[in-house]
Structure formats: C-alpha cells, structure tokens
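# structure, please.
(2 chains)
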Amino acid sequence: MKFIRTVFHALIILTVVLALVEVATAGNYPSKPITIVVPYAPGGGGDAFTRAIALQAQEILGAKIFVENRMGGGATIGVGTVARARADGYTLGFVSSSPVVAAPNFFNVPYDPAKDLTYLSRFIISAAPVLVRGDSKFQSFRDLIVYAKANPGKLLWSTAGINGAPHIATEAAFTQEGIKSAFLPMQGSTEVLAALLGGTIAMGVMSDYAGPLAAGDVRALADIGSERVPDLAEIPTYREMGYALTPTIFFGLAGPAGLPAEVISTWDHTMRTITASAAFIEVAKRLNGNVAYLDHKAFQAMVLDEIGTMRETLQSLEVPK
Amino acid sequence: MEAILEGISLSLSASALTGIMVGIILGQLLGSIPGLTAAMAVALLVPFSFYFDPWVGIPMMLAMFKGSLFGSSMPAILLRTPGTPAAAATVIDGNPLAKSGKGGKAMHTVLYASVFGDAFSDICLILGAGMLASIAIRFGPSEYVVLILFALMSLVSLNHGSSWKGIISILLGMLISCIGLDPITGTERLTFGNLELFEGIGLIPMLIGFLAISEVFSQLEQPIRNLGEKAITFSKRREDNRLSGTERRALLPTLLRSSAIGTVTGALPGLGSTVAAFIAYNEARRTAKNPKEFGHGSLHGIAAPEAANNAVSGANLIPLLAFGIPGDVAAALILGALLIQGIVPGPLAFRDNPVPIYAIFSAMLLANIVNYVIGLGFIPLAKKMVSVPKRLLFPAVLVFASAGAYAMRGSLFDVQLMFGFGVMGWLMSKFQFPTVLLVIGFILAPILERSARQTLIIVSASDGWFAFVTSRPVLMILLAILAILTVIIIRQRMVMSRYVSAQ
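Sure, this is the predicted structure:
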C-alpha cells in the first residue's frame, strides 16, 4: 500500500512540476523547434523564400526551424495541415493568394480561409502582367479589347494555372467589357511562355516575366493588380482601368486560428526585422519578388478583404468558370 | 574568346572539379535507389546554391542529373525496377540480358550510351542553342499530339504476346492517368472527393508499385528453398561482362540517331526524358536488322533509350538559355539556381554574364568524362549489391521502395497506393498482362489528352482545320513523317506475317 501511495505522490509532484515548466516556458516562445509547412514542391519560389526566412528567423528567435514541404491538392493540403495544427505557434505555414483567396471558390478545400487561419505577416507581392510578344501589333491593353470585340472568340490567351488569380481577374475584366475570348488552359508559366513566343497564343497573363521582358521577347501591357509594382511602374493596373477584380498576388506566413498574442507579436517583430534586412531584400530581388511587408493586423484585414471581393465579384459578374 | 578561356579555366579549378565529382557520385547513388530522384536532392540544394560560385553550384547540380540517369538504369537492368521513370524503357531489353547472365555487358552498354548521349546533346547545346531553340519554339500543342503518336507507335512494336491483353494494359494505364484535375476545365475527375487524389496519381508510387513491388510479391510465391538463391547471377566469362570494340562500333548508328531524338525532344519543353526514351527505342527497333531480338536482350534496345534520355538532360537547357524557358523539372531547378546567382537566362545572359555560362558549358563536358570514370567503378559495386541472397535482397527492396514512395511528397497515402499497385501488378503478370505497357500508357496519356484538347480549342479560335494545318509548316512535316512511318510499319508487319505463314 505504502508503495502505491509513494508512486501516487510522485505522480502528483511530477504533474505539478510539468505544469510549472509549461507555465514557465509559456512566457518565452519559442522554447522548441518550429515547423513551417510549405504547400509547394522544394525548389519553387514559395519554398526558396520560406527557407531564406527560416535561416534568418532561426538566428533572431534562437530556435531551430524546420521547413516541411507538404504538396498536393493545388497547395490546399499543406494549408489544411496548418489550419488543423495546434494553435501553439510551433506549426506555421507559407500561404499565397491561390489556396487562400482563389481556390476556395472552385473546390471544396479542407479549411475555411476566413476562419481557420491566423494571417501573421505578408512579405512579398508579385505583379502578374498581361504579356504579348515583343513584335506583337497590340501596343496597349485597349488594342487587345478592340481586337477581341471585333473578332469574338478569336483572341487566344492563357495563364499559368486554371482558376488562378490572373485567370479569374482577366476573365472578369473581359466579362465586364462584354468580350468573348478563347482561353487555352495550360499548366505552368513555362508552357505559356513557349506558346506565346511560338505564336500559338496572342496573350499570356503570369508572374514569371523578368527574363523574357528584359530580353524584349515579350511586352507588358497591363497588370492585374491594384497598385503599380516598382519594376512595372509604367504599366497601368486593372484597377486604374476600372475593372472590379484586382487581386494581389502575395506570399505570407500564417498559423492556425487562435494563435496566442505572444506568438503573434514575436512574429510581427521577427518578420519586420527580416523583411528590412539587406540579405532578404537581395534574395527577393533575385527571385523577382517585391518586398511588401504587412504585420498581422494589416495582413489579416487585407486577406479577408480579398476573399470577400473575390467571392462577390464572381457572383455578380457570373464569370465563366 | 577571352570569356571562353576564362570560363574553361574556372571550370578546371579545384572547387569546380570537386563539385562535379560530388554531383556525379551523389547522382549515381540517388538515381540507383528507386523513389529517390536527383531532382529532389537538387531542389533542396537550390536555396544553398546562393553561397556557392555559379561555376561550382550549377555544374554540381547538372552532374547530379547526369549521374542519376546512369544510376537509375542499374536497378532497371538488375531488378526490373527503374530508379527513375526515365529508365523505364531500359527494363525491356536490359532485364532479359541480365537474366541471361550478361548483366555486366548490359551495364557497360548503358554507361557507354549514357555518356555518348550526354556529350552529343552538350555539344548541340553549346554550338547550336539559338538555332535549335528557334525551331523548338514552333512546336505547339498540335505538334505535340503528333510526337506522342510517334511514341505510342512503340506500344505496337513492344507487344509480343496477346494483342488484346496489351491493349487492355495500355487503356488501364490511360484510365489511371485520368485521376485528378481535368487538364482543361480544372474540375475533379475520379477523385471521389479525396484531396490526396486531387493532383493525380504520382508517377513514382505507380512505377515502383507496378514494377518493383509486384516482383517482390511474385518472389513470395517461390518455394522457401529457392530463397537462398541469388536474385541474379553473373556469367564469369570476360566477354559477357564488357562491351567489345566491335559491339561499340555496331552501336554507333543507333547511338547517333537516339541522341538526336533525345536532343530534339529535350529542346521541346514538357515532353521529358521518358518520352524520348520510348521514341528512340521504337526507332531503333523499326530500323534494326533483326527486330526479333528486341525484348530479349538486344544491345541496341538498351543503348537507344539510354542515349536518348541522357541527351534530353543537356538539351533541356537549350530553351532555357535561349528564352528562359526550362524544358523540364531539372532545367526549372537550374533556372532557380541561376536566378539566385543573379544570372537571368536568356539571350542577354551571353552578353551580360558570359564567363559563368562558358564555365558551366565547359564543366558539363568535364562532367561527362567524370561520369564515365566513376560509372566504371560503380558497375562492380552494383553487381556486389545484388549478389546477396533473395531473402535479404527483396525485403531490402521493399523497405527502399516504401521510403522512396513516402519521400516524394511526404505522404503515407502514396505508400498505400504503391502497395495497391503492387498487388495489381502481381495479378496482371500472373495472367500475362504486360505491366510495362500500362506504365507507358500512364505516362503518355496526359500529354496526349492535354495537347489534343488544347489543339481543339486553338482550331476553334482559328479559321477552320485546313487553314490551321496549312498555317503550321512544322505540323505538316510531322504529319507527313507520321503517315510514311505508319505505312512502313504496316508493310513490315504484312511481310512478317507472310513470312510466318510461309513457314
């Protein structure tokens, strides 16, 4: 009997000690390794940015950070993993506009982007310009519209992904103009660029443009976004031209809903430091992204706004899916 | 000229040579383990390439790809399990040859053909990137349809047994490839609401399941006393373990033709080394003096796909350097690494940054020599590895296969799929359904479907079929070649059947 009582007491003491440890460590996040889930394959832009951030954040936070690639489901499987994780700040994820703003309108995704995620910080925005061949007769976006109106169903164009932001925004713009065009579904910007340069399509809308644009192989006529980005400063945006849907292509960091305030403030501080660092700005420049930091409060508001606008515009315009 | 010399001297520096050696060794090892691909390792290296000089990091990555294409053929020959999908066509003749004790000869053929194909396409890249790319860019979806039809012709020639069983296998492979998102409408197809199936069935679990796991299951049926045997035995005769000078010379026409096929296919974005290997195999068989040998260990049948799949790796950089368009995953990763180095590929790169590019070219040629030398050392090692008794070898294959299927996407679902396909493959081979045909159907169908449906959209946006075809000279040439080849194959078959009935 005495033995059992001793064991029982020992257990109580152990529980109390463990609870105290828990309380003690609660005040100094992070106290163990953090995992950042990337919903894309290793080697892509999202992966490269996350790994660059992880390297710097490790130094600032003094904790190990693991980057885990969880691909599939058009990036929704990885985001779903983050949404379902414990809201303790030790499982975070890379998010981009596609799985959060665009995909939920077309598929059953395993999370509610407006409710199941805490948006921690935005660090990159990209332009997605409307491109034509360097020797194309189209000198402005207006030229394209005029041609498409005169030749219904003949303007052949494509984007890097079906139902991605560039596709939906441009389809919405055409619907607003009352244009019937021929959209050619393709997979990846490589295919679109080859088709554009080879003369199969007349217009492409996508974020990978730096090399061919610099070489003069393609010309940019408009950007689908709402604000001009530095390297395309002379190109008008869809918003300036009066189109309703002007999504921003963003890269950011998110966690499950209900993250503790301490985690949020830690990452606000960490990401502000990283995005202002010369090293990160250099990486961003080389990977063709524009550093555009937003803290938790501003990022959360921005994402919720984008989700709402996308849903409403798709309903009111009856954009062909 | 100065830039070229400076580039060559950079590629000969100690750090660059170390990078190439490490790349080749890692590539051959990773390639030889089914499920682990060089692409995965390179992908993880990309962010770190920031810290290397471009003439160290990028040749190392290229060397990994070159090494892995050779390495992946070792298990294809010895264990009927291609290390990467590119070696799937090598199974057809490599495995029978190894089973007859001439595994050494088969591996030397692979090494010879691989290095030949690599060197051929590297030289094409260096001398004619601009010209080849401007031709390649004229290939649109309609031209791809015809190219896939070329590859599909190989299915006709591959089929030795019952033809209806072959057709069922191909159709089954095509059906499995339909799982996932519809390539045109983006709606879900045959996924039953399962997100894991959303992006379709992965090629790696499919390939390992059908070819490796099914083989393990077949071995389970063997009586216990056989399990102490070796999985494969090697003939002791010297000429069965090497490639003689006469054989090397006899292979030259096949190698040249296959390397050219690989280079053209590689210059076209999105087709890939597996497709090139099958087209080259088919061409080798069609033009062979004794096509009957094919499928039973023909050296030409081994050399053709190997030269072609290696030629793809250098040629993939052609559209990358000419227009900034990566030809496949490997080239896309190289693109990422180049961008991190601040080199934007495209015509301007030669003007703005010529030295690193010439250094990379020179390093690629060096890598071919290193690949050959290290490959010579790898062959005896591979022989030793498969010389353990079956009861040890096959459980090890099972473990590696599971790890490989898991590692691809970090998904246990893929491991379950792999075992499911393993059972299916085992049942199929029990009833003499050719599993290799199922795999080819699976690989080719998505490109065929997508290109065909894209072509229909393009035609509907142009002024009718006739105007469309006549506006595309490349398409007209390809269609003419396809028509001629079809006639030739039908005539060959008729002559053959007359010959058979005369006997």
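# next, the contact list for A:A63, please.
Each residue near A:A63 by CB atoms under 8 Å, 6 or more residues apart in numbering or on different chains is listed here: A:30-34. Heads up, the C-betas are built off the backbone N, CA and C, glycines and all.
# run the last query once more with 10 Å
Contacts for A:A63 were tallied using CB atoms under 10 Å, 6 or more residues apart in numbering or on different chains; they are A:28-34, A:57, A:90.
# next, residue 201: secondary structure please.
Since no chain was named, I'll use chain A. Per DSSP: H, G, I helix; E, B strand; the rest coil, the local secondary structure of A:I201 is coil.
# hmm, no, I was thinking of chain B.
Once three-state DSSP is applied, B:I201 turns out coil.
# just the element for the residue nearest to B:R472 when sequence neighbours are not counted, please.
Counting by CB to CB, 6 or more residues apart in numbering or on different chains, B:R472 lies nearest to B:S142, which is 6.5 Å off, once chain neighbours are set aside. Secondary structure assigned from DSSP states H and E places B:S142 in helix B:141-158.
# check which helices and strands that helix sits against.
Counting by 3 or more CB pairs under 10 Å, 6 or more residues apart in numbering or on different chains; DSSP states H and E, the packing neighbours recorded for helix B:141-158 are helix A:189-198, helix B:163-177, helix B:245-267, helix B:273-287, helix B:435-461, helix B:473-502.
# find the residue at the geometric middle of chain B.
B:A86 (2.0 Å; CA atoms, centre = their mean).
# what about the closest residue to B:S134 other than its chain neighbours, how many neighbours?
Distance criterion CB to CB, 6+ apart; nearest residue to B:S134, sequence neighbours excluded, is B:A322 at 7.3 Å. B:A322 sits with 26 neighbouring residues when counted by other CB atoms under 10 Å in any protein chain shown.
# the residue nearest the centre of chain A and A:A54: what is the separation?
Computing the C-alpha centroid of chain A and ranking residues by CA atoms, centre = their mean puts A:S96 first, at 1.4 Å. In this view, A:S96 and A:A54 are 17 Å apart by CB to CB, to the nearest Å.
# surely B:L475 meets A:T200?
No. Here B:L475 does not reach A:T200: they are 11.1 Å apart, not a contact under CB atoms under 10 Å.
# excluding its backbone neighbours, what's nearest B:L335?
Per CB to CB, 6+ apart, closest to B:L335 is B:P326, 4.7 Å.
# ok, that neighbour - contacts?
A:188-190, A:193-194, B:269-270, B:316-317, B:319-320, B:332-336, B:338, B:345.
# ok, back up a step: shouldn't the residue nearest to the centre of chain B be in contact with B:K66?
No. Applying CB under 10 Å as the test, B:A86 and B:K66 come out as separate, 11.7 Å apart.
# rewinding a little: closest one to chain B out of the contacts of A:A63, please.
A:A57 (14.0 Å; CB to the nearest CB).
# any weak-confidence spans in the chain?
Since no chain was named, I'll use chain A. Residues of chain A that meet the criterion pLDDT under 70 lie in A:1-27, A:43-44, A:319-321.
# not quite, go with chain B.
Those would be B:35, B:44, B:46-50, B:154-162, B:227, B:347, B:408, B:496-503, if you go by pLDDT under 70 across chain B.
# show me what contacts B:C178?
B:189-190, B:200-201, B:442, B:445-446, B:449.
# how does it look with 7 Å?
By CB atoms under 7 Å, 6 or more residues apart in numbering or on different chains, B:C178 lies in contact with B:189-190.
# distance of it from chain A?
Distance, B:C178 to chain A, using CB to the nearest CB, to the nearest Å: 15 Å.
# looking at strand pairing, list the partners for A:L156.
Beta-bridge pairing of A:L156 under DSSP bridges involves A:A182.
# how much space between it and A:T175?
Counting by CB to CB, the gap from A:L156 to A:T175 is 17 Å.
# then B:I213?
Counting by CB to CB - B:I213 and A:T175 are separated by 50 Å.
# between those two, point out the one with more neighbours.
Set side by side, B:I213 and A:T175 show more neighbours around B:I213, with 27 against 19, by other CB under 10 Å.
# mind listing what the closest residue to the more buried one other than its chain neighbours touches?
Nearest residue to B:I213 in three dimensions, chain neighbours excluded: B:G422, at 2.8 Å (CB to CB, 6+ apart). By CB under 7 Å, 6+ apart, the contact set of B:G422 is B:209, B:213-214, B:217.
# quick one: B:G422 and B:S214, what's the gap?
5 Å.
# neighbours around B:M206, how many?
25.
# which helix or strand contains it?
helix B:203-207.
# just checking, what packs against the next helix or strand after that helix?
Sequence-wise, the next helix or strand downstream of helix B:203-207 (DSSP H and E) is helix B:214-220. Contact here means 3 or more CB pairs under 7 Å, 6 or more residues apart in numbering or on different chains; DSSP states H and E; on that basis helix B:214-220 packs against helix B:390-409, helix B:412-430.
# Serialize those helices to a markdown table and add fields for distance to B:L252.
Listed next are the helices and strands packed on helix B:214-220 as a markdown table, based on distance: least, CB to CB, whole Å:
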| stretch | distance to B:L252 |
| --- | --- |
| helix B:390-409 | 35 |
| helix B:412-430 | 35 |
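# looking at these, spot the one closest to B:P96.
With CB to CB as the criterion, B:P96 lies closest to helix B:412-430 of the helices and strands packed on helix B:214-220, at 14.6 Å.
# the closest one versus helix B:435-461: what angle between them?
Counting by axes from the mean of the first three to the mean of the last three CA atoms, to 10 degrees, helix B:412-430 points 110 degrees away from the direction of helix B:435-461.
# list the buried residues in helix B:412-430.
B:413-415, B:417-419, B:421-422, B:424-426, B:428-429 (16 or more other CB atoms under 10 Å in any protein chain shown).
# export those to JSON lines and tack on distance to B:D53?
Output for the buried residues of helix B:412-430, formatted as JSON lines (distance: CB to CB, whole Å):
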{"residue": "B:F413", "distance to B:D53": "41"}
{"residue": "B:D414", "distance to B:D53": "37"}
{"residue": "B:V415", "distance to B:D53": "39"}
{"residue": "B:L417", "distance to B:D53": "42"}
{"residue": "B:M418", "distance to B:D53": "40"}
{"residue": "B:F419", "distance to B:D53": "45"}
{"residue": "B:F421", "distance to B:D53": "44"}
{"residue": "B:G422", "distance to B:D53": "45"}
{"residue": "B:M424", "distance to B:D53": "49"}
{"residue": "B:G425", "distance to B:D53": "46"}
{"residue": "B:W426", "distance to B:D53": "50"}
{"residue": "B:M428", "distance to B:D53": "50"}
{"residue": "B:S429", "distance to B:D53": "50"}
